[in-house]
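Visitor: any chance you could fold what I've pasted below:
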Amino acid sequence: MGLDWKDWNRSDIIYGVIAPLVVIVIIIGLSQVTPYLLRQGSFESMGFIFGIISEVEELLIIVAIPLLLGLVWNRWAGGASGFLMGSIYAMWFAVGLGSFGSNDSLPVTMRFGPTMLGWLLSAMLIGYMAGALNKRSENFRRMLIAGVVSTTVGGVLLFGMFQLSPSNVMTGADAFLLTVLSRTAAGVIIPIIAKVFMWYGAAMHKK
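Guide: Next comes the predicted model:
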């Protein structure tokens, strides 16, 4: 029998109202950082800061979410969320910079097609592979291995797709390490979060 309409507790408010609102506020805050910095100085002088912000946004949207769902749910949830989040991130990028297509005859800012496809495929691969390797296991070591393997493979795939883009700026060993190791680090952190979610779920079921 389901919960009655009167059955509310503190955790419902925290995780049903406060937590999602905090996430939304953080996302809105990040979206306002770039315009603020542009008002303070030139784009070139702020390039390093922009790069950090973009990398954090990218890892949250197309790595953390698919990986988490793949680990705690299954490969289909991970792959589907990767497709959705990868599509959203690519469209966000395309709309923001007018970056459509991959034809060499197009202006430089309109030739990011392989890059956007890489974001989509990498996110799908990470979510699906994590779920397929973990198989809903609650063993932390297995979750950690699944997370590290899937994110590392996804990072290598994405770097390869970058090389197919006529507008690619991610070249050399440093760019490879940045693309891959940032995802591998997420593959270590997200299983910890997933394990906490599982502990919390188990504790809730015992009540």
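Visitor: now residue 59: which helix or strand?
Guide: helix 47-59 (DSSP states H and E).
Visitor: kindly apply the preceding question to residue 24 instead.
Guide: Element membership for residue 24, per DSSP H and E: helix 19-40.
Visitor: same deal with residue 167?
Guide: Applying DSSP H and E, one finds residue 167 in no helix or strand.
Visitor: what about this structure, any weak spots by pLDDT?
Guide: Applying pLDDT under 70 to the chain flags the ranges 1-3, 5, 15, 30-31, 33-51, 95-112, 169, 201-207.
Visitor: now the strands for it?
Guide: Assigned by DSSP state E, the strands in the chain number zero.
Visitor: can you list the domain ranges for it.
Guide: 1-40, 57-206 (automatic domain parsing).
Visitor: what's the burial count for residue 172?
Guide: 8 (other Cβ atoms under 10 Å). Every residue, glycine included, has its C-beta placed from N, CA and C.
Visitor: from residue 179, how far out is it?
Guide: Here the criterion is Cβ to Cβ, to the nearest Å. By it, residue 172 lies 11 Å from residue 179.
Visitor: report the contact partners of residue 161.
Guide: Contacts for residue 161 (Cβ atoms under 8 Å, 6 or more residues apart in numbering) come out as 114, 115, 117, 118, 121, 122.
Visitor: residue 117 too?
Guide: Counting by Cβ under 8 Å, 6+ apart, residue 117 touches 90, 161.
Visitor: gap between it and residue 158?
Guide: Going from residue 117 to residue 158 by Cβ to Cβ gives 10 Å.
Visitor: same question for residue 120.
Guide: Residue 120 sits 10 Å away from residue 158, going by Cβ to Cβ.
Visitor: which one's more surrounded, the two?
Guide: Just comparing residue 120 and residue 158: by other Cβ under 10 Å the higher neighbour count belongs to residue 158, 26 against 22.
Visitor: which residue packs closest to that one, ignoring adjacent ones?
Guide: In this structure, residue 158 finds its nearest non-sequential neighbour in residue 122, 4.1 Å apart by Cβ to Cβ, 6 or more residues apart in numbering.
Visitor: surely that neighbour touches residue 156?
Guide: No - with contact defined as Cβ atoms under 8 Å, residue 122 does not count as touching residue 156 (9.1 Å).
Visitor: who's more crowded, the two?
Guide: residue 122 (28 against 15).
Visitor: residue contacts, that one?
Guide: Contacts of residue 122 (Cβ under 8 Å, 6+ apart): 62, 82, 86, 154, 155, 157, 158, 161.
Visitor: swap in 7 Å and give it another go.
Guide: When contacts are counted by Cβ atoms under 7 Å, 6 or more residues apart in numbering, residue 122 touches 62, 154, 157, 158.
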